[in-house]
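Engineer: Show me how the following folds:
(chains A and B)
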Amino acid sequence: MDAERMKFVEFWARYVKEHSDQEWSRQQNIVIDSQFPSTLTSDQFLRIKAK
Amino acid sequence: MEIKDNVIKLDRELNTLDKFVLDFTKALSNHKYVIVSGYVSILFGRSRSTEDIDLVIEPLSEKELVKLFDELISAGFECINTESENAYEYISKDTALRFARKGEVLPNMEVKFGKTPASIAALNNRISVEMKQGEIFISPIELQIAYKRLCLCSQKDLEDARHLEIIFEGKLSKEKLKNYEHLINQHGC
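Structural biologist: This next block holds a predicted model:
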């Protein structure tokens, strides 16, 4: 298990706990929304999932 | 975030995944469902994304499933891995049906019947998340943590579990966690 990664997970979780929902979600959404829209076709996606 | 009994009040800014989940679950209004897995930790701030969301519904007859399929099409979704006539065969054989918004692929909702003891427990003990924009039902947090640690076990899943453990520190039931661990150990994943 990657201990450094887990340290960040814990750091960020505490940040979420200590800040308003509006504050942390604004930052989180930068990560999430950057993934969409996707140019994958359904065939491509299903082939990836099948692996 | 306010947590009381089986209701969580969340005042977050919505992202693409949240809007998709809210719109999809609105189209399920007559059916009992529960959101499980990765999206639950993301909803509560986990710093990662996902391309699909796992949803368990109570088992339906073929006729009921075809009706639901048509309702989802009318609501602006499409199934990206099969047609209506094969849907029941797929889902009965534990192949998830994947629904996305029409013309899109991501994100998509991976829909399964609740047949395993863990998924039935999630359905029967689901908790409500109330947001300004609507309400969704998720798996009990204790079950999420137990399932990720005992069944899934990847680095990502262990991180999801740890994130939830910290977010809900002081609000988790040790008894429920133990019971769900026992359920999984006894009956498998």
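
Engineer: quick one, phi/psi of B:Lys112?
Structural biologist: B:Lys112 adopts backbone torsions of phi -130, psi 160, taken as degrees, to the nearest 10.

Engineer: From chain A, how far off is it?
Structural biologist: Note on B:Lys112: its distance to chain A, by C-beta to the nearest C-beta, to the nearest Å, is 14 Å. Every residue, glycine included, has its C-beta placed from N, CA and C.

Engineer: Just checking, which helix or strand of chain A averages the lowest pLDDT?
Structural biologist: Among the secondary structure pieces of chain A, namely its helices and strands, helix A:42-50 has the lowest mean (mean pLDDT, DSSP states H and E), a mean of 84.

Engineer: and it, which residues are buried?
Structural biologist: Applying a neighbour-count criterion of 16 or more other C-beta atoms under 10 Å in any protein chain shown, the buried positions in helix A:42-50 are A:42, A:45.

Engineer: Can that helix be said to contact chain B?
Structural biologist: Yes. Helix A:42-50 comes into contact with chain B (C-beta under 8 Å from any C-beta of the partner chain), by way of A:42, A:44-46.

Engineer: how about the nearest residue to B:Leu150 once chain neighbours are set aside, secondary structure?
Structural biologist: Setting aside the residues directly before and after it, B:Leu150 is nearest to B:Ile184 in space (C-beta to C-beta, 6 or more residues apart in numbering or on different chains), at 4.9 Å. Secondary structure assignment for B:Ile184 (DSSP: H, G, I helix; E, B strand; the rest coil): helix.
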